[in-house]
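Participant: Model the structure of this input:
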Amino acid sequence: MPMTPNPRQNRLLEEVRTHGSASIEALAAQLEVTLQTVRRDVQRLSEAGLVARFHGGVRLAQSTTENIAYRQRQALNAEGKARIARAIAKRVPNGCSLLLNIGTTIEAVARELLHHTGLRVITNNLNVAAILSDNTHCEVIVAGGVVRALDRGIVGEMTIEFIRQFKVDIGLIGISGIEPDGTLRDFDYREVQVARAIMAHSREVWVAADHSKFNRPAIVQLAPLKDIDMLFTDGPLIDGFPGLMTEAGVECVVAD
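Facilitator: The predicted structure is shown next:
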């Protein structure tokens with residue numbers, strides 16, 4: 001069963017994500033716990049594949065080929081994702097049409113749209129469809145295709161063909177990583193193909209990406225920054241990215 005980090009372990013992960021690596025002593029001081037507690041947490045997070053240990057410290061375990069488990073992604077930076085979701089919901093007007101794809105941040109956005117009216121939402125995410133079905137003032141249209149058991153996302157050629165029937169006001173996508181050159185990336189080629197279809201059939205393209213996605217490698221290229229209109233995140237942009245955003249003409253919204 002995938003590990004779900006506890007609040008202290010989530011704080012440890014956030015420290016490592018922020019700095020790339022950290023010493024055991026620094027983590028103990030930051031978290032105000034003993035060295036033994038940090039070592040125990042690091043051992044468990046390492047066994048779960050979330051961090052990699054080295055002598056005296058720990059760094060983030062980064063694979064370019066495989067994303068971390070869905071349940072673990074739900075738990076990671078949940079508060080930051082909720083802030084992003086609220087910021088996005090404030091920008092979504094009543095009475096508009098949206099394409100929403102796969103991702104835990106996108107699901108957080110769906111929860112924030114429960115009180116909007118007149119929405120028409122097309123999605124390839126069964127979790128999003130289930131959430132928004134509780135909004136009686138929202139029409140939800142679910143794409144056909146192959147359902148991935150790990151996260152209830154729908155992918156495949158059938159999904160792409162279905163999306164091509166529409167032209168929506170806002171296409172909102174989640175991603176797994178943004179390279180230092182601004183390239184948007186993900187882990188699943190089929191998911192990327194669907195995301196590209198969403199981008200092509202949306203009048204505006206919005207991206208939701210918490211701070212852990214910056215400088216995170218992933219195997220499949222989705223698009224360059226210039227192909228999107230807005231990016232929502234939960235913290236100040238790290239060095240290099242403000243200039244990339246300006247050059248690409250992307251509006252960046254940092255959620256309060």
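
Participant: which of the residues in stretch 205-219 are buried?
Facilitator: Buried residues in stretch 205-219, counted by 16 or more other CB atoms under 10 Å: 205-216, 218-219. Every residue, glycine included, has its C-beta placed from N, CA and C.

Participant: and if you look at stretch 105-112?
Facilitator: Neighbour-count burial for stretch 105-112 flags 105, 106, 107, 108, 109, 110, 112 (criterion: 16+ other CB under 10 Å).

Participant: which SS state does the fourth one fall under?
Facilitator: What that stands for is residue 108. The three-state label given to residue 108 by DSSP: H, G, I helix; E, B strand; the rest coil is helix.

Participant: Skipping adjacent residues, who's closest to it in space?
Facilitator: Nearest residue to residue 108, sequence neighbours excluded (CB to CB, 6 or more residues apart in numbering): residue 85, at 3.8 Å.

Participant: could you point out where the chain is predicted with low confidence?
Facilitator: Within the chain, the stretches with pLDDT under 70 are 1-2, 19-20, 61-77.

Participant: give me that answer again for 50
Facilitator: 64-66, 70 (pLDDT under 50).

Participant: Let me know whether residue 255 touches residue 86 as I believe.
Facilitator: Yes - the pair residue 255 / residue 86 is scored as a contact, 6.7 Å apart, by CB atoms under 8 Å.

Participant: Who has more neighbours out of those two?
Facilitator: Ranked by neighbour count (other CB atoms under 10 Å), residue 255 and residue 86 place residue 255 first, with 19 against 16.

Participant: give the contact list for that one.
Facilitator: Contact partners of residue 255, counting by CB atoms under 8 Å, 6 or more residues apart in numbering, are 80, 83, 84, 86, 87, 232, 233, 234.

Participant: Take those residues and keep only those in helices.
Facilitator: If you go by DSSP state H, the contacts of residue 255 have 80, 83, 84, 86, 87 in helices.

Participant: what residues are up against the first one?
Facilitator: It refers to residue 80. 210, 211, 234, 235, 255.

Participant: the domain parsing of the protein - what is it?
Facilitator: Following automatic domain parsing, the chain resolves into domains at 7-61, 72-254.

Participant: hmm, back to that, wait, the residue nearest to residue 108 sits on residue 109?
Facilitator: Yes - here residue 85 lies in contact with residue 109, judged by CB under 8 Å, at a distance of 4.4 Å.

Participant: which residues are in contact with both of these two?
Facilitator: Residues touching both residue 85 and residue 109 (CB under 8 Å, 6+ apart): residue 208.

Participant: hang on, the earlier thing: and among the domains of the chain, the most buried is which?
Facilitator: domain 72-254 (a mean of 19; mean count of other CB atoms under 10 Å).

Participant: Roughly how far does residue 128 sit from residue 81?
Facilitator: 14 Å (CB to CB, to the nearest Å).

Participant: on that earlier part again, if we take the buried residues of stretch 205-219, which one ends up nearest to residue 179?
Facilitator: Distance ranking of these against residue 179, using CB to CB, places residue 215 first at 7.3 Å.

Participant: SS state for the residue lying closest to that closest one once chain neighbours are set aside?
Facilitator: Spatial nearest neighbour of residue 215, chain neighbours left out: residue 180 (5.8 Å); criterion: CB to CB, 6+ apart. Here residue 180 is recorded as coil under three-state DSSP.

Participant: And what about residue 173, helix, strand or coil?
Facilitator: What three-state DSSP gives for residue 173 is strand.

Participant: Show me where the stretch 101-250 of the chain has its helices.
Facilitator: For the stretch 101-250 of the chain, the helices defined by DSSP state H, counting those that start in this stretch occupy 104-112, 126-132, 157-163, 189-200, 241-248.
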